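Peer 1: The sequence and its predicted three-dimensional model are supplied below.
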Amino acid sequence: MEIRNFVLAGHGGCGKTSLGEAMLFLSGATTRLNRVDEGNSILDYDEDEIERRISINLSVATFERDGVTFNLLDTPGYLDFWGDVLSGLSVADGAVVVVDTASGVEVGTERVWQFCEERKLPRIIFLNKIRKEGVDFESGYNGVKEDLGGGVFPLTIPIGTGLEVKGVVDLLRKKAFFYSDGKVEEREIPQELQDKVEEYRGYLIEALAESDETLMEKYVEEQPITDEELISALKRGVLEGTVFPALCGDALHLMGVDVLMYYIKELLPSPKEARLPKGKKGEEEVELTPDGPFVGFVFKTLFEPHIGEMNLIRVYRGKLTSGMEVKNTTRDKSEKVNQMYMLKGKERKEVKEADTGAIVALVKLKETKTGDTLADPSDPIVLPPIKFPEPSISVAIVPKSKGDEEKVSNGLARLHEEDPTFVSSYDAEMKQTLISGLGEGHLEIIVRRLKRKFDVDVEIERPKIHYRETIKKKAEAQGKYKKQTGGRGQYGDVWIRIEPLERGKGFEFVDAIVGGVVPAKYIPAVEKGVKEAMENGILAGYPVVDVKVTLYDGSHHPVDSSDIAFKIAGSLAFKNAAAKANVVLLEPILEVEVIVPEEFMGDVIGDLNARRGKILGMERVGKYQKIKAYVPEAEMYKYSTTLRSLTQGKGTFTQRFAFYEEVPKEIADRIVEERRKEMEEENK
């Protein structure tokens with residue numbers, strides 16, 4: 001049986017999951033049309049998805065229609081969950097890019113489109129929600145064509161407008177499909193639509209002619225072009241990634257969905273036609289072909305409390321059977337394939353084998369994680385891992401119950417295996433456990449899953465800022481440690497000079513001792529003492545940075561001097577010098593990039609300025625604007641919530657550390673006072 005592996009992708013709220021549910025219903029895979037807004041979706045089955053009415057996880061559904069096995073990969077639309085989008089896009093052979101006709105191309109659509117361009121992934125566009133008051137197909141289509149560039153052309157158009165849409169016309173097959181009460185009827189194209197059909201069919205022929213030299217000659221010479229020639233050029237153009245047919249419909253009303261499935265079957269590649277990833281054997285790069293011993297790629301790991309870890313795998317080559325011994329070539333470990341399941345959302349059906357192109361779930365693998373390759377030991381190919389984005393925001397968490405630290409640690413490790421875009425770490429300097437992800441919504445879901453899957457409650461705290469201290473002027477001071485308690489005493493005496501270094505240069509220690517006044521064997525101890533003093537800070541206990549320290553004089557005692565004495569002397573000398581060197585507080589500055597629709601630019605820039613941000617510039621990205629700014633880290637906590645509010649959910653941002661900068665005095669005074677109170681509490 002033929003296979004089509006395709007992903008439903010697009011911005012949040014465009015109706016991807018509803019479209020997937022419509023496909024399952026029309027194929028007979030479900031007996032009723034399940035709906036996201038009723039909480040009974042087969043594809044959105046996670047508790048958080050049901051409660052929030054949005055897709056959070058990648059979901060897989062295998063079904064059959066017209067002699068073809070379809071492996072549908074339904075992806076989230078919000079960029080907080082971009083990791084699961086990448087997982088789906090990475091193993092699909094083609095994409096259905098879903099667009100809300102009224103909203104047009106949004107930031108999530110653009111991200112999906114860009115990734116598909118990089119992978120040369122064949123695409124079909126589906127303009128959804130056409131049966132809605134005020135929706136105009138023509139302006140929606142023109143907007144998509146303008147935003148997504150060349151190669152976009154119409155393949156179907158609606159019959160009627162807004163709430164009066166009754167069906168769609170297939171421009172290639174010249175057929176009209178009318179829908180009523182979930183049923184479809186094929187009829188003649190209405191007379192009043194003939195001119196519009198000819199106009200849009202002209203766009204179709206023109207687009208295909210531009211992608212095919214033979215058709216172009218016929219088109220220019222006004223020779224007749226047959227339907228067979230058009231279909232052949234269309235299939236070839238889609239596979240090559242040069243043409244992108246746009247269909248329209250309404251998933252909630254089952255309108256145009258059957259036509260879309262027909263064209264998924266006709267136009268998107270089978271596993272044997274698809275562009276396959278390149279693998280490696282040792283250092284040698286190898287082309288992966290559909291024929292040969294088994295090779296599969298794990299694109300998603302799930303943790304289910306009752307069955308443990310479940311690895312979703314795409315079979316790229318050969319056949320996988322239960323009981324088979326395979327090699328995890330990524331980790332150089334052997335694995336035995338136990339139970340194997342075909343998925344339909346939350347439903348699982350055990351199968352004994354999976355052929356080339358199949359997508360199945362494996363359980364009870366011992367060493368295998370997301371991004372790993374499994375292969376026949378006779379041909380140990382390694383496929384490239386998915387390049388997941390780095391986390392962009394962090395929060396601190398604290399267990400509500402003492403003694404739950406180990407449960408938290410184990411749960412966080414499991415959740416990272418499920419979602420590589422989520423990471424956790426322990427900040428030893430600030431004594432906080434941090435969780436990091438792609439957005440506040442992402443981290444909220446992680447905390448909820450900790451409770452639901454691992455039975456551990458945590459509270460979210462604001463991460464402490466890694467402030468630093470530095471000096472602004474040169475100073476000199478003595479550090480002398482002399483102790484006599486009977487018997488051998490302690491003696492160390494040094495003079496040091498401290499001076500500011502350029503920001504980011506760290507620490508430099510210079511030995512300028514002449515004549516052995518401080519013996520060479522004690523100089524490392526002096527440096528150690530200076531470093532310890534710098535670690536504990538002068539103003540508020542934050543580490544001191546960007547300082548050059550020169551040891552230039554001192555004295556020693558032939559009996560009483562020791563490493564410990566000179567270490568203490570070095571520490572005292574630094575503290576004494578720093579007291580004269582105008583110590584100031586530094587704060588981390590982040591480089592922030594915000595992508596927003598143009599109409600929200602003023603509000604977003606105003607908000608960044610209010611956060612003490614420094615706007616660096618703006619540039620156009622498609623129909624959006626990218627604003628670059630330097631903003632203090634202390635001002636960016638929960639920024640994504642504000643940005644969502646300012647931009648009606650359409651803005652996105654990334655942030656990364658840039659440099660340290662002096663804190664304004666009035667703010668620094670407040671931070672120092674708060675820090676001192678905190679240190680007093682800790683020392684009680």
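Peer 2: Arrived safely, thanks for sending.

Peer 1: from here on, contacts and neighbour counts on C-alpha atoms
Peer 2: OK.

Peer 1: Show me where the stretch 501-650 of the chain has its helices.
Peer 2: When secondary structure is read from DSSP state H, counting those that start in this stretch, the stretch 501-650 of the chain shows helices at 523-536, 563-578, 601-610, 639-646.

Peer 1: could those helices go into CSV alongside distance to residue 74?
Peer 2: CSV is the format used below for the helices of the stretch 501-650 of the chain (distance: least, Cα to Cα, whole Å):
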stretch, distance to residue 74
helix 523-536, 50
helix 563-578, 60
helix 601-610, 32
helix 639-646, 24
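
Peer 1: ranking the ones you listed by mean pLDDT, which is last?
Peer 2: Ranked on mean pLDDT, the bottom entry among the helices of the stretch 501-650 of the chain is helix 639-646, at a mean of 89.

Peer 1: Buried residues, whichever helix or strand comes after that helix. List them.
Peer 2: Sequence order places strand 652-662 as the next helix or strand after helix 639-646, per DSSP states H and E. If you call a residue buried by 16 or more other Cα atoms under 10 Å, then strand 652-662 has these buried ones: 652, 653, 654, 655, 656, 660, 661, 662.

Peer 1: Tell me the helices and strands packed up against strand 652-662.
Peer 2: strand 583-597, helix 639-646 (3 or more Cα pairs under 8 Å, 6 or more residues apart in numbering; DSSP states H and E).

Peer 1: residues in contact with the last one?
Peer 2: Among residues not part of helix 639-646, those counted as contacts by Cα atoms under 8 Å, 6 or more residues apart in numbering are 439, 440, 600, 603, 604, 649, 650, 651, 652, 653.

Peer 1: Determine how far it lies from the middle of the whole chain.
Peer 2: Relative to its chain's centre, helix 639-646 lies at 18 Å (Cα atoms, centre = their mean, to the nearest Å).

Peer 1: between that helix and helix 601-610, how big is the angle?
Peer 2: Using axes from the mean of the first three to the mean of the last three Cα atoms, to 10 degrees, one finds that helix 639-646 and helix 601-610 are set 150 degrees apart in direction.

Peer 1: What residues sit buried inside the lowest-mean-pLDDT helix or strand in the chain?
Peer 2: Here the helix or strand of the chain ranked lowest by mean pLDDT, DSSP states H and E is helix 213-220, holding a mean of 81. Within helix 213-220, the residues scored as buried using 16+ other Cα under 10 Å are 215, 216, 219.

Peer 1: And for stretch 467-484?
Peer 2: In stretch 467-484, counting by 16+ other Cα under 10 Å, buried: 467-472, 474-482.

Peer 1: How many neighbouring residues does residue 201 have?
Peer 2: Counted by other Cα atoms under 10 Å, the residues lying close to residue 201 total 21.

Peer 1: how about it, what does it touch?
Peer 2: 154, 155, 171, 172.

Peer 1: ditto for residue 435
Peer 2: Here residue 435 is in contact with 394, 395, 396, 397, 422, 423, 424, 425, 443 (Cα under 8 Å, 6+ apart).

Peer 1: which other residues reach the strand or helix carrying the fourth one?
Peer 2: Looking back up the chat, that one is residue 397. Following DSSP H and E, one finds residue 397 within strand 393-399. Contacts to strand 393-399, defined as Cα under 8 Å, 6+ apart, come from residues 405, 408, 432-440, 456-463, 655.

Peer 1: wait, what's in contact with the closest residue to residue 586 other than its chain neighbours?
Peer 2: Setting aside the residues directly before and after it, residue 586 is nearest to residue 662 in space (Cα to Cα, 6 or more residues apart in numbering), at 4.3 Å. Residues near residue 662 by Cα under 8 Å, 6+ apart: 584, 585, 586, 587.
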